[in-house]
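Colleague: When you get a sec, could you give me coordinates for this:
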Amino acid sequence: MKDRKNIALFFCGMLMVSLLFSPFLLTVSMLGLLLLGILNWDYNNIKQTIGFNKKLPTLLLQYKSYYSILIFSFYFLIVLLSAWQTEGTWQPWLERIRIKLPFIALPIAFLGLPRFGDREVKGLLYFLLLFLTAVGIGVSINYGLNFEEINNQISRGKPMPVPRNHIRFSILVSVGIIGGIHLIYQQYFHKNKIEKAVIKAMTIFLFLFIHVLSVKTGILCLYTALGVLCLRYIYSSRKYLMGVLLIIGMISIPVISYLAIPSFKQKMRYMHYDLTQYAAGNGEIYADAGRLTSLKVGWEIFKSSPIFGVGAGNLRAVVNQKYKQNHPEYVEPLTPHSQFIYVLAGMGLFGFSFFMVALFFPLFYKKAYKNTFFLGAYCIFITAFVVEHTIENAVGVGTFTFFLLLLLNHLFLPQNTKQLP
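Modeller: Numbers count the residues shown, from 1 in each chain. So this is what the prediction gives:
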């Protein structure tokens, strides 16, 4: 059992690294976790025949106890059930199905895996903090070496150079910061108490770094999570003066960042210019204007097919048609930049109802929101869903499913008799 869990921890670490660097390794790590969940063998005797994990059918038969994990399959099923609407080529629908496969595979994997203990979950968050700090230092050094050039790029709407996608990166950084806060709150250290100071330093660094990075999505996600955690702290501790000071600090930091951090200042100025151009009807070449237009188009598509939507496989074609008819000035039509509107347009109210159940049920199941990291991560993902179609690509699906299922495995699988931390 111990060897099996150590291998699972290895794949978990690989998955977190692959979210930034390698879609191939992301697939490998997910497949590794799935195989560990559904198969079983003696790790000390490689000659023994590999067999099916006999624990898994028992857990599946007890599905009422694991709704919070199995309900993730709804994200896959609502796309699967839209097959009847597919018109023309099946390739777009099959692409949606491929991207959503982890919503079937990972719940089974984390249900079949051994339960991750409290220290193991915190160890993974510690690893994430170390990993993101190392990457953040590298990005910061590159920024310092190319200070003027990168600031000039930001002033023209280009992101700071980061591994792969800047939006996915910023969301992962915000998750890492909340994970660091959770470790600080739990007074975690791996071997030496001096690590508590190291964890605090890395969390503060990432908090400053995300403002230097100046990706609006990540900053918005982080502040939403911090705001909710702050309100929960005030409610549970009744320390109202401290709560007021925290809220004042949260409001002040973006203002200070605007005055003190050049990249943040350039990003805010460009955003204002972008929205001004959109208001003037000249937003076809600007990022925020394009996002707002995509929401408008998505809402129009939903209103035209409110019950079942236009079908997951048809959405891209319908979006292109709508842009051609109503917004021909946009050279690159965008699918709705909101997961909520994306689901409404593609699957209608029918699919949206299942989507909302799948989204919020795990948060409230047996008061899972009492876990600091779980609540903070959920706030990050819900906020991301408002401004991005987060789970319409492999990295978004991997980030969303991994962190939430990891905590659900820890909180609700057998042998977890302790109260939520």
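
Colleague: residues touching the nearest residue in space to V395 that is not next to it in sequence, list them.
Modeller: Spatial nearest neighbour of V395, chain neighbours left out: R168 (4.8 Å); criterion: C-beta to C-beta, 6 or more residues apart in numbering. C-beta here means a position set from N, CA and C on the backbone, and glycine is covered the same way. By C-beta atoms under 8 Å, 6 or more residues apart in numbering, the contact set of R168 is L19, L20, N393, V395, G396, T399.

Colleague: Counting neighbours, what do you get for the second one?
Modeller: Looking back up the chat, that one is L20. Using other C-beta atoms under 10 Å, L20 has 19 other residues around it.

Colleague: what's the helix or strand for it?
Modeller: helix 2-21 (DSSP states H and E).

Colleague: who touches that helix?
Modeller: Contacts for helix 2-21 (C-beta under 8 Å, 6+ apart): 24-26, 28-30, 32-33, 36, 40, 43-44, 113-114, 116, 120, 123-124, 127-128, 131, 135, 163-164, 168-169, 172, 395, 398-399, 402, 406.

Colleague: Show me which of those are buried.
Modeller: The neighbour-count test (16 or more other C-beta atoms under 10 Å) marks 25-26, 29-30, 32-33, 36, 40, 113-114, 116, 120, 123-124, 127-128, 131, 135, 168-169, 172, 395, 398-399, 402, 406 as buried among the contacts of helix 2-21.

Colleague: Give me the distance from the lowest-mean-pLDDT helix or strand in the chain to the chain's centre.
Modeller: Least confident helix or strand, the chain: strand 51-52 with a mean of 76, by mean pLDDT, DSSP states H and E. Strand 51-52 has its C-alpha centroid displaced from the chain centroid by 32 Å (C-alpha atoms, centre = their mean, to the nearest Å).

Colleague: do stretch 28-38 as well
Modeller: Counting by C-alpha atoms, centre = their mean, stretch 28-38 comes out at 20 Å from the chain centroid.

Colleague: cool, stretch 182-192 as well?
Modeller: For stretch 182-192, the distance to the chain centre is 23 Å (C-alpha atoms, centre = their mean).

Colleague: Tell me the span between the first and last residue of that stretch.
Modeller: 18 Å (C-alpha to C-alpha, to the nearest Å).

Colleague: Can you point out the buried residues in it?
Modeller: Across stretch 182-192, burial judged by 16+ other C-beta under 10 Å covers H182, L183, Y188, F189.

Colleague: Need the mean per-residue confidence for that stretch.
Modeller: Stretch 182-192 carries an average pLDDT of 88.

Colleague: Kindly report the same for stretch 119-135.
Modeller: 96.

Colleague: coming back round to it: and the contacts of helix 2-21, which of them are in strands?
Modeller: Per DSSP state E, strands hold the following members of the contacts of helix 2-21: N40.

Colleague: hang on, the earlier thing: what is the least confident helix or strand of the chain packed up against?
Modeller: strand 39-40 (3 or more C-beta pairs under 8 Å, 6 or more residues apart in numbering; DSSP states H and E).

Colleague: Who are the packing partners of the strand it packs on?
Modeller: Using 3+ C-beta pairs under 8 Å, 6+ apart: strand 39-40 touches strand 51-52.

Colleague: next SSE after the strand it packs on?
Modeller: For strand 51-52, the following helix or strand on the C-terminal side (DSSP H and E) is helix 55-61.

Colleague: what does that following helix rub up against?
Modeller: G37, I38, N40, Y66, L70, I108, L111, G112.

Colleague: ok, how many other residues are close to the fifth one?
Modeller: Other residues within reach of L70 by the criterion other C-beta under 10 Å amount to 19.

Colleague: Quick check: the two most widely separated of the contacts of R168?
Modeller: L20 and N393 (13.7 Å; C-beta to C-beta).

Colleague: which sections of the stretch 201-350 of the chain are below the confidence cut-off?
Modeller: 282-286 (pLDDT under 70).

Colleague: Tell me where it has helices.
Modeller: Ranges of helices in the stretch 201-350 of the chain, per DSSP state H, counting those that start in this stretch, are 216-237, 240-260, 262-279, 287-304, 315-326, 339-364.

Colleague: Make TSV from those helices and add mean neighbour count and distance to R96 to it.
Modeller: Below are these laid out as TSV (neighbours: other C-beta atoms under 10 Å; distance: least, C-beta to C-beta, whole Å):
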stretch	mean neighbour count	distance to R96
helix 216-237	18	22
helix 240-260	12	36
helix 262-279	17	29
helix 287-304	19	16
helix 315-326	17	9
helix 339-364	20	8
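
Colleague: need those in CSV with distance to Q153, can you?
Modeller: Formatted as CSV, the helices of the stretch 201-350 of the chain follow (distance: least, C-beta to C-beta, whole Å):
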stretch, distance to Q153
helix 216-237, 16
helix 240-260, 18
helix 262-279, 9
helix 287-304, 13
helix 315-326, 27
helix 339-364, 28
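
Colleague: which stretch among those comes nearest M202?
Modeller: Closest of the helices of the stretch 201-350 of the chain to M202 is helix 216-237, at 15.2 Å (criterion: C-beta to C-beta).

Colleague: angle of that closest one against helix 240-260?
Modeller: If you take axes from the mean of the first three to the mean of the last three C-alpha atoms, to 10 degrees, helix 216-237 sits at 160 degrees to helix 240-260.

Colleague: And for helix 216-237, what's in contact with it?
Modeller: 167, 169-171, 173-174, 177-178, 181, 207, 210-211, 239-240, 242-243, 246-247, 250, 254, 267, 271, 372, 375-377, 379-384, 387-388.

Colleague: And the buried ones among those residues, selectable in ChimeraX?
Modeller: Buried residues among the contacts of helix 216-237 (16+ other C-beta under 10 Å), as a ChimeraX selection:
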select :167,169,170,171,173,174,177,178,181,207,210,211,243,246,267,271,372,375,376,377,379,380,381,382,383,384,387,388
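
Colleague: if we can go back for a sec, so of the buried residues of stretch 182-192, which ones are in helices?
Modeller: The helices, defined by DSSP state H, take in H182, L183 from the buried residues of stretch 182-192.

Colleague: from the buried residues of stretch 182-192, which is closest to T203?
Modeller: Nearest to T203 among the buried residues of stretch 182-192, with distances taken as C-beta to C-beta, is L183, at 7.7 Å.

Colleague: The closest one against L128, yeah?
Modeller: No: using C-beta atoms under 8 Å as the test, L183 is too far from L128 to be in contact (9.9 Å).

Colleague: K64 belongs to a helix?
Modeller: Yes: judged by DSSP: H, G, I helix; E, B strand; the rest coil, K64 forms part of a helix.

Colleague: To what extent is it buried, counted in neighbours?
Modeller: Neighbour tally, K64, other C-beta under 10 Å: 7.
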